[in-house]
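Undergrad: Mind looking at a prediction? Sequence and model below.
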Amino acid sequence: MPKSTGLGLAEQQPQSPDNAFVWAVICAEALELAAREPILQHLLAAQITATSGNREIIARVLAARLAATQVETGDLFDLILSTLNDDIMRAIEADLVAVRQRDPACTTFLHALLNLKGFHALQTHRIAHAIWNAGRPEIATWLANLASLVFGPDIHPAARIGASIMLDHGSGIVIGETAVIEDEVSILQNVTLGGTGKETGDRHPKIRHGVMIGAGAKILGNIEIGAFSKIAAGSVVLKPVPEHCTVAGVPATLVRVHRADEIPAETMDQNI
């Protein structure tokens, strides 16, 4: 039976180091793509095949996409590279595996790394979150806003997000300051994890292990979405949701109780 393991946040990383294999696969995929598409050879060399290691790859990929006219790409690269640590890298690797396994449109790890803005936004958040926790809120907020402008998702740098996460498409996702997202969660486009008004303090949703949140769903307030549950597309959730169930509607109500072995975040079944 699947079991929730507590917060399981990136800072605590329970993920297996075996996911580090993704970087070797990515380099092989990049070499094969460069041979097939010569126009991409320089880009792939600069960001992947001619780099010194895994951290440099993710730093160069994100810096190249976040670069704005007012900020040198090299400065962004240095900020990202200096912030990356083992915990963040393990979370990134788990996210790559999650996207490759759950998204039928993602046929390689290289595709996820280079082309999926939901993945880029999530990894930029991991950097911003580490900077926030290091006592640098101004630069963390600046980086989070830049990521929102470039990629679409608006994620407060204080939000706590676990590993093995997929932000599918990424467009329109909003995640508030005190939100918590545990490991192995899938979130589709236009989802809001927000407050209910002008509350202060702990005011955003807590998404537990294995949850899937369908496109356009809104979850509002400091409420818990129980482990291995599903929020149907377009729902507005205002009350806590038990474990192992599906809710749907406006406002959302319980429509189904799952088998104990169902993991909605992995199956990605949109049916109610």
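TA: Here it is on my side, so go on. Residues are numbered from 1 along each chain as shown.
Undergrad: Setting aside sequence neighbours, what's the nearest residue to Gly152?
TA: Excluding the flanking residues, the one nearest Gly152 by C-beta to C-beta, 6 or more residues apart in numbering is Ser171, at 4.6 Å. All C-beta atoms are positioned from the backbone trio N, CA, C, and that covers glycine.
Undergrad: Let me see the contact set for that neighbour.
TA: Lys117, Gly152, Pro153, Gln189, Asn190 (C-beta atoms under 8 Å, 6 or more residues apart in numbering).
Undergrad: Most neighbours among these, please name it.
TA: In terms of neighbours by other C-beta atoms under 10 Å, the contacts of Ser171 top out with Pro153 at 25 neighbours.
Undergrad: ok, back up a step: so which of the contacts of Ser171 is the closest to Ser52?
TA: Nearest to Ser52 out of the contacts of Ser171 is Lys117 (C-beta to C-beta; 25.9 Å).
Undergrad: My read is that the closest one contacts Asp168, right?
TA: No - look at Lys117 against Asp168 with C-beta atoms under 8 Å: they stay out of range, at 10.6 Å.
Undergrad: how far away is Ile88 from Leu43?
TA: According to C-beta to C-beta, to the nearest Å, Ile88 stands 24 Å off from Leu43.
Undergrad: and if you look at Thr73?
TA: Separation of Thr73 from Leu43 (C-beta to C-beta): 13 Å.
Undergrad: got it, and Glu56?
TA: 15 Å.
Undergrad: try Thr108
TA: To Leu43, Thr108 is 16 Å away according to C-beta to C-beta.
Undergrad: same thing with Ala63?
TA: Separation of Ala63 from Leu43 (C-beta to C-beta) stands at 13 Å.
Undergrad: out of these two, which sits in the busier spot?
TA: Legend: neighbour count by other C-beta under 10 Å for Ala63 and Leu43, higher for Ala63 (22 against 17).
Undergrad: ok, that one touching Glu72?
TA: No - look at Ala63 against Glu72 with C-beta under 8 Å: they stay out of range, at 9.4 Å.
Undergrad: Many thanks, we can stop here.
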